[in-house]
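Colleague: here is my input, please return the structure:
(4 chains)
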There are 2 protein chains.
Amino acid sequence: MVDVAKHAHVSLKTVSRVVNDEPGVRPETAERVRESIRALGFRRNDGARQLRRGRTASIGLVVEDLANPFYSALAAAVERVSRRSEHLLLTASAEGSALRERSIVEAFLDRRVDGLIIVPAEAEHDWLSPEVGERTPVVFVDRPATGIEADAVLIDNRGGVRSAVEHLVAHGHRRIGFLGDDGAFWTARERRVGFEESLSELNASQSGSVAMGPYELDDLVTLLREWSAGPDGITAVITGNNRVTVQFLYAMRRSDRALALVGFDDFEYADLLDPPITVVSQDPDALGEQAAHALFSRLAGPSDDTSPRSAVREIVLPTRLIVRGSVDVTPPKETTS
Amino acid sequence: MVDVAKHAHVSLKTVSRVVNDEPGVRPETAERVRESIRALGFRRNDGARQLRRGRTASIGLVVEDLANPFYSALAAAVERVSRRSEHLLLTASAEGSALRERSIVEAFLDRRVDGLIIVPAEAEHDWLSPEVGERTPVVFVDRPATGIEADAVLIDNRGGVRSAVEHLVAHGHRRIGFLGDDGAFWTARERRVGFEESLSELNASQSGSVAMGPYELDDLVTLLREWSAGPDGITAVITGNNRVTVQFLYAMRRSDRALALVGFDDFEYADLLDPPITVVSQDPDALGEQAAHALFSRLAGPSDDTSPRSAVREIVLPTRLIVRGSVDVTPPKETTS
DNA sequence: TAGGCTCATGACAACGTTGTCGCCTTCGGA
DNA sequence: TCCGAAGGCGACAACGTTGTCATGAGCCTA
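Modeller: Take a look at the predicted model:
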């Protein structure tokens, strides 16, 4: 910038003014400066700029695994919103490790990101507390974090499973199985609770079996045979996420049984399968968008230390039942118990 | 940092030394400093650090759409490698717009990223030339960029289609159709060329029909009927990418015809379909990993302006044919012409 | 005991910007 | 003719680090 100043025979400050479109520069001077900028191929150094101004115009996103389409859709939405707010997005995958998550977050904090969006690992997040609200707003997505007060954007996991149960019951199913994913995951536990709640709410005429992953295919085949055996066997299954759905489809193929199925999570080829799979769909794009909005609204709010932080918000997004046909596959023989 | 220095009764520089694990500090002094750091909750400001040191320890990645699983897998690989090299990753989606791509790249350049990995849009990239090699190494992925000399990591698109053709021919197919994606995409054009080359190389006993997208489902159904009509109709189809594969599967279902199929691009549910789809698989993870390695090896190389840049490299990764069964679906009636 | 060496530490400038303030010129009005 | 205001511009400090060099204390050796 000092070179540009010399080249255009003006002061450093005038160049700065031109670069930032500040008023108080004569058009002809500005044009001369702009020409020097072009001639020298000058580029403002945002690092120095941010050092002066105190904001980095960047936010950090920590997900479990960026290669997972769910998280990448979320990331794309966050990036889209960020770009609109003229912020750049730093991304990293924690790969399920609370340790790595923390080291990523600290790296982001060292860079002075203006805000953080985190899909939290299963662990206390109290170590984050001093930063949050002091300096750097944080929004948690997909799961809440324990040990810390912060905004969160979640999916209505219980309601999603409930809609699946109701759908199955409406189609005459009376005995339903729930195959959850690993109970170490908050979402898996929530969905299980949703299943149990809705069964008990409906009334005693329904019964259900529950299992939680992770599953070996062989075990799943055995389980499927047990559950569906005899006149009191289950006639329908709800799978806890798309990973389990796939495994269950393999298990059905292997054991040559066809049960009604509602899967949690939509997937691209769901309606190319035979039968097309009915799913409870969650919208990662909306999740990311809402999280980014929540973050930027905090960023736009008062950042001085005097005014109290506004109350922590929890946003819960609805799921959507997409009916495709995998529920009609085995019309249950009305065994009204 | 100056506060820490006061608190520990040492100089600024000593704190800096402790923070950077530099030698020449007595253990007890270092411990005192570390305690002050903890007490004050000090965090080094990486922005200022980078301003001094000249490197930002960050790289930028521009893809077409982060929500696309192909690109997100690529991004995850790039991030994994970056993290190992202690670099953070900035990501953004150009959404197919050359304009947006350029504005993203300029934003990255303003931030002084140490390097760039770009999936280039279809446009001249000569505007980038002054930066590349001067300051910031650039690696292009998935497609080469025109108008600029830079490293590129690509997929062997032609070879991939060739392997599909050979596989089909080995299974007795003599008349094969190729459904490419939009010819505006470099990869689509390459795959088409691969198809035509391998047909003409094999010998005159094969014939092929070619169409390029984008497709409306109705048109695709019509096309399929035309191509497969009569005794000289095609018996097999190669689809140019997974988007086309899906459309073609719908078209087959609609028109109630079953042709042999090899799809370019693997997808998660390919072997849950009936029949399971044989595909030419490309590995986005390897693509991202190689690109990141290429970038970091440039970064590790001589960065002074005196030594000439080493020659531009082009890395071409192989594809892999995954045989699943969609080729055996219609054993062609050996119509040896 | 003097000279030189090592070790621990500190003073200071520099990185490339932007915010604050003050100066000079110009212009309009009294 | 003089004064005040406004516009255009520049000098300087500051942001939070790190690299360079200087300083002083302690120690070894001759």
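Colleague: show me the strands in the stretch 101-250 of chain A, by range?
Modeller: Under the criterion DSSP state E, counting those that start in this stretch, the stretch 101-250 of chain A contains strands at A:115-118, A:138-141, A:151-155, A:175-180, A:207-212, A:236-239.
Colleague: just name the most buried of those.
Modeller: Highest mean neighbour count among the strands of the stretch 101-250 of chain A (mean count of other C-beta atoms under 10 Å in any protein chain shown): strand A:236-239, with a mean of 28. C-betas here are computed from N, CA, C, even on glycine.
Colleague: just checking, what packs against it?
Modeller: Counting contacts by 3 or more C-beta pairs under 8 Å, 6 or more residues apart in numbering or on different chains; DSSP states H and E, strand A:236-239 is packed against helix A:157-170, strand A:175-180, helix A:242-255, strand A:260-264.
Colleague: which residues touch the last one?
Modeller: Defining contact as C-beta atoms under 8 Å, 6 or more residues apart in numbering or on different chains, one finds that strand A:260-264 is touched by A:160-161, A:164, A:167-168, A:171, A:173, A:191, A:235-242, A:244-245, A:248-249, A:252, A:270, A:277-280, A:282, A:321, A:326-330, A:332.
Colleague: report the buried members of the residues you listed.
Modeller: The neighbour count (16 or more other C-beta atoms under 10 Å in any protein chain shown) marks A:160-161, A:164, A:167-168, A:171, A:173, A:191, A:235-242, A:244-245, A:248-249, A:252, A:270, A:277-280, A:282, A:321, A:326-327, A:329-330, A:332 as buried among the contacts of strand A:260-264.
Colleague: what about the one residue in the stretch 151-300 of chain A that gets nearest to DNA strand D, which helix or strand?
Modeller: Nearest to DNA strand D in the stretch 151-300 of chain A, going by C-beta to the nearest atom of the strand, is residue A:299, at a distance of 18.6 Å. Element membership for residue A:299 (DSSP states H and E) is helix A:284-300.
Colleague: thought residue A:127 was touching residue A:98, still the case?
Modeller: No: applying C-beta atoms under 8 Å as the test, residue A:98 and residue A:127 come out as separate, 10.1 Å apart.
Colleague: who does residue A:118 bridge with?
Modeller: Beta bridges link residue A:118 to residue A:62, residue A:140, judged by DSSP bridges.
Colleague: average pLDDT for the helix holding residue A:299?
Modeller: Average pLDDT, helix A:284-300: 95.
Colleague: residues making contact with that helix?
Modeller: Under the contact criterion C-beta under 8 Å, 6+ apart, helix A:284-300 has outside partners A:59, A:69-71, A:73-78, A:80-82, A:85, A:87, A:114-117, A:137, A:139, A:141-142, A:151, A:153, A:155, A:313, A:315, A:317, B:67.
Colleague: out of those, which sit inside helices?
Modeller: Those of the contacts of helix A:284-300 mapping onto helices are A:69-71, A:73-78, A:80-82, per DSSP state H.
Colleague: any chance of these in JSON lines, with pLDDT and distance to DNA strand C too?
Modeller: Shown next, in JSON lines, are the ones in helices among the contacts of helix A:284-300 (pLDDT from 0 to 100; distance: C-beta to the nearest atom of the strand, whole Å):
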{"residue": "A:69", "pLDDT": "92", "distance to DNA strand C": "39"}
{"residue": "A:70", "pLDDT": "94", "distance to DNA strand C": "39"}
{"residue": "A:71", "pLDDT": "96", "distance to DNA strand C": "34"}
{"residue": "A:73", "pLDDT": "96", "distance to DNA strand C": "35"}
{"residue": "A:74", "pLDDT": "98", "distance to DNA strand C": "32"}
{"residue": "A:75", "pLDDT": "98", "distance to DNA strand C": "29"}
{"residue": "A:76", "pLDDT": "98", "distance to DNA strand C": "30"}
{"residue": "A:77", "pLDDT": "98", "distance to DNA strand C": "30"}
{"residue": "A:78", "pLDDT": "98", "distance to DNA strand C": "26"}
{"residue": "A:80", "pLDDT": "97", "distance to DNA strand C": "26"}
{"residue": "A:81", "pLDDT": "97", "distance to DNA strand C": "24"}
{"residue": "A:82", "pLDDT": "97", "distance to DNA strand C": "20"}
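Colleague: nearest residue to the residue in the stretch 151-300 of chain A that chain B sits nearest to other than its sequence neighbours?
Modeller: Of all residues in the stretch 151-300 of chain A, residue A:269 sits closest to chain B, at 4.1 Å by C-beta to the nearest C-beta. For residue A:269, ignoring the flanking residues on the chain, the nearest one in space by C-beta to C-beta, 6 or more residues apart in numbering or on different chains is residue B:269 at 4.1 Å.
Colleague: my guess is that neighbour contacts residue A:246. True?
Modeller: Yes: proximity of residue B:269 to residue A:246 meets the contact threshold set by C-beta under 8 Å, at 7.1 Å.
Colleague: any buried residues in stretch A:106-120, and which?
Modeller: Buried residues in stretch A:106-120, counting neighbours by 16+ other C-beta under 10 Å, are found at A:107-109, A:111-120.
Colleague: and which of the residues you listed is nearest residue B:48?
Modeller: Set against residue B:48, the nearest of those by C-beta to C-beta is residue A:112 (9.4 Å).
Colleague: and the closest one, what pLDDT?
Modeller: Confidence at residue A:112, expressed as pLDDT, is 94.
Colleague: just checking, it touches residue A:56?
Modeller: Yes: Residue A:112 is within contact range of residue A:56, at 5.0 Å (criterion: C-beta under 8 Å).
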